[in-house]
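Chemist: What follows is a predicted protein model with its sequence.
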Amino acid sequence: MAGRVLAQIRRDRRTLAMLFAMPAVVMLIFGFALGGQVSNVPIVVDNQDAGYGASPGTTLNVGSHILSSLQTDSAVSVTTGSFASGKQGVDSGAYFAVVLIPSNFSQVAFKQIQGQNVSAVIQLYIDGTKPSIAATVLGALQGAIQNSSRVKGFSLVQQYAYGGKFSGLDVSLPSVIAFVLTFLVLLISLLTVSRETTSGTLPRLYTTPLTAVERLVGYTLSLLVVGVMMVVVVLAVGIGLFGAVVRGDPLLLFGAAVLYALSQVLLAVFLSNFARNEFQAVQLAPLIALPSMALSGMLVPIFSLPAWIQPISKVIPMYYANQLFEGIMLKGYGVCSMAFDLLVVVTIAVLFLALAMTTVKDRMDA
Amino acid sequence: MIECENLVKEFNEGKLRAVNGLTLNIRKGEIYALIGANGSGKTTTVNMMTGALVPTSGRVSVLGIEMPHGKHLVSGRIGVAPQEYSLYSDLTLEQNASFFAKLYGMDSKRFGRRFGELNDILRLRGREHSLVSNLSGGMKRRASIECALLHEPEVVFFDEATVGIDPVLRAFLWDYFRSLRSNGLTILLTSHVMDEAGKADRIGLLRAGKLVDEGEPNTLMARHNVRSIEDVFLKLSGKELTDA
């Protein structure tokens, strides 16, 4: 029995290739993607510290030391700028946090050294949609302050962007929804289309008036219905059962999810042209879904990935699904703010449709 | 009605020549049996005639239209019952038939009439709502034939389509085929069951992708001085019953 099964696997060269290639590729991707710690978190520092002349000819500027310390910390990637523009940058998703060091910070530091009971206020405006990254930024900032001065009596005023702090479940669900749609829509679609080949009905279809494009449209429409049903289930469980936060328009979220599901259906229809049987088709789903999980920002933020991997992330459809779902659910973005990501998903869907149409077979030896 | 001229089909970059210079001419209203051992090129020939395969060289035409270029003009006028059942096993017989009927542009009224007629003829009445996976092998074969005949084609291809049907029903089917022929239907069937081929109007004997002889059953038997089509086949194939 075992010998027979192994002989069958050995006979199917594509399966054999996948058998070795898939674990190697997945391990390499996960190794590179998850190998490091959170790093290069983009933040803005507005150092307004005017310094303090402790004695003639010497000026103490603790704010500059803090800035220098942050600039040498690999956990964050510092840009200097105003607090107001930094806040706008955080709201638009360009930066993760903005820090304001007040103008009297050095003065307060000096007075504290002299034993006076004074306090300074550092303001932090931070993206609360990713608690682990927020903790990294906070740690880097506190470390920089401690390294640069003996200031202990400062208060850190934190303000969270997008309306507040989110629970771990809240911040996970957008990417979980993206992953579920990526994996399951792909898997079900690949299985459904490839079953036509294995059931022997495809050669019969070649003899009927049905054109290859009509067949492709038929697959796409039916699988889109399946995709929409999956979207409904995923959102119903996520929002209804787990109470996932949806700050934006639920209809926009539904539309974006359906659009993304369509792109995955079209990807499956395209890929199914290369699968000779259901076994080969099934293997394609994890081959797409697992690297998507590692490189789309689901597990590790894109800016923490090695520099050479980051451009790859931008061509992974699930990256844009993450952006869309996170933007609508957590940040409350509307159509205008999400226009770019929506346009990219539409472009991806059109690209997969074009690829599917150019590779779809209209006869047995095509 | 169906013409082939020096038809060649190669696979594996020319390493396998499945059909090797086949020339034949099937007339309108004729039942033509293409017989040969497994692997002799029967199914490949049918696939080229129906436009499912493109010939490597030579030409093939159906209803006077060159294939596969004219496939869009021909496909609605032919019916095909492939060697495999080629039905959706997780759908009912009616759902299968309805699907194929829609592909051929049949409206529901015409479908209902034809489906009822064919269920009676093919003895499938009462099984309309059975899943195809629950039908017996013979019923699946008849269901496949039913789907090929629904849209009242002018030419029908039965690729080993009567294999697995019990002798009583097979005799009945042959009577039905003859009645279809008398209405102008042209039938090409392939078979490796020689006694069945003897019921055709004409027989073409295929060996290694080549037509080794052709004619009416009695003429063939007389020409080779034997008493059965099987003997004709054995004589021509050098008693090689293995795959060509």
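Modeler: Thanks, I have it.

Chemist: can you tell me which residues contact residue A:261?
Modeler: A:181, A:185, A:224, A:227-228, A:230-231 (C-beta atoms under 8 Å, 6 or more residues apart in numbering or on different chains). (C-beta placed from N, C-alpha, C; glycine too.)

Chemist: So for it, what's the nearest residue that isn't a sequence neighbour?
Modeler: In this structure, residue A:261 finds its nearest non-sequential neighbour in residue A:227, 3.3 Å apart by C-beta to C-beta, 6 or more residues apart in numbering or on different chains.

Chemist: give me every residue that touches that neighbour.
Modeler: Applying C-beta under 8 Å, 6+ apart to residue A:227 gives the contacts A:181, A:185, A:189, A:258, A:261-262, A:264-265.

Chemist: returning to what we had before: now the buried members of the contacts of residue A:261.
Modeler: For the contacts of residue A:261, a burial check counting by 16 or more other C-beta atoms under 10 Å in any protein chain shown picks out A:181, A:185, A:224, A:227, A:230-231.

Chemist: Can I get the residues you listed in TSV including pLDDT and secondary structure?
Modeler: Converted to TSV, the buried ones among the contacts of residue A:261 look like this (pLDDT from 0 to 100; DSSP: H, G, I helix; E, B strand; the rest coil):
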residue	pLDDT	secondary structure
A:181	90	helix
A:185	89	helix
A:224	91	helix
A:227	88	helix
A:230	88	helix
A:231	88	helix
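
Chemist: Locate residue A:121 within the secondary structure: which element?
Modeler: Element membership for residue A:121, per DSSP states H and E: strand A:120-127.

Chemist: just checking, what packs against that strand?
Modeler: Under the contact definition 3 or more C-beta pairs under 8 Å, 6 or more residues apart in numbering or on different chains; DSSP states H and E, strand A:120-127 sits against helix A:83-92, strand A:97-101, helix A:105-113, helix A:131-148, strand A:154-161.

Chemist: Return the set of buried residues in stretch A:280-294.
Modeler: For stretch A:280-294, by 16+ other C-beta under 10 Å, it's A:280-294.

Chemist: Show me which residues of chain B are close to chain A?
Modeler: Proximity of chain B to chain A, by C-beta under 8 Å from any C-beta of the partner chain, involves residues B:11, B:47, B:50-54, B:68, B:72, B:75-76, B:78, B:80, B:82, B:84-89, B:100, B:103-105, B:157.

Chemist: From those residues, which land in strands?
Modeler: B:11, B:78, B:80, B:157 (DSSP state E).

Chemist: thought the third one was touching residue B:149?
Modeler: Spelled out, that is residue B:80. No - the pair residue B:80 / residue B:149 is not scored as a contact, 10.4 Å apart, by C-beta atoms under 8 Å.

Chemist: Residues that sit against both of those two, list them.
Modeler: Shared contacts of residue B:80 and residue B:149, defined by C-beta under 8 Å, 6+ apart, comprise residue B:156.

Chemist: of those two, who's got more company?
Modeler: residue B:80 (28 against 21; other C-beta atoms under 10 Å in any protein chain shown).

Chemist: Look up how far residue B:8 lies from that one.
Modeler: From residue B:80 across to residue B:8, the span is 22 Å (C-beta to C-beta, to the nearest Å).

Chemist: Could you list every helix and strand in contact with the one helix or strand in chain B whose mean pLDDT sits lowest?
Modeler: Using mean pLDDT, DSSP states H and E, the weakest-scoring helix or strand in chain B turns out to be helix B:194-197, at a mean of 78. With contacts taken as 3+ C-beta pairs under 8 Å, 6+ apart, helix B:194-197 sits against strand B:31-35, helix B:229-236.

Chemist: Output the ones you listed as a markdown table; include the columns mean pLDDT and mean neighbour count.
Modeler: Shown next, in a markdown table, are the helices and strands packed on helix B:194-197 (pLDDT from 0 to 100; neighbours: other C-beta atoms under 10 Å in any protein chain shown):
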| stretch | mean pLDDT | mean neighbour count |
| --- | --- | --- |
| strand B:31-35 | 92 | 25 |
| helix B:229-236 | 83 | 20 |
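
Chemist: I'd like the ones you listed as a markdown table, with distance to residue A:82 appended.
Modeler: Listed next are the helices and strands packed on helix B:194-197 as a markdown table, based on distance: least, C-beta to C-beta, whole Å:
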| stretch | distance to residue A:82 |
| --- | --- |
| strand B:31-35 | 85 |
| helix B:229-236 | 94 |
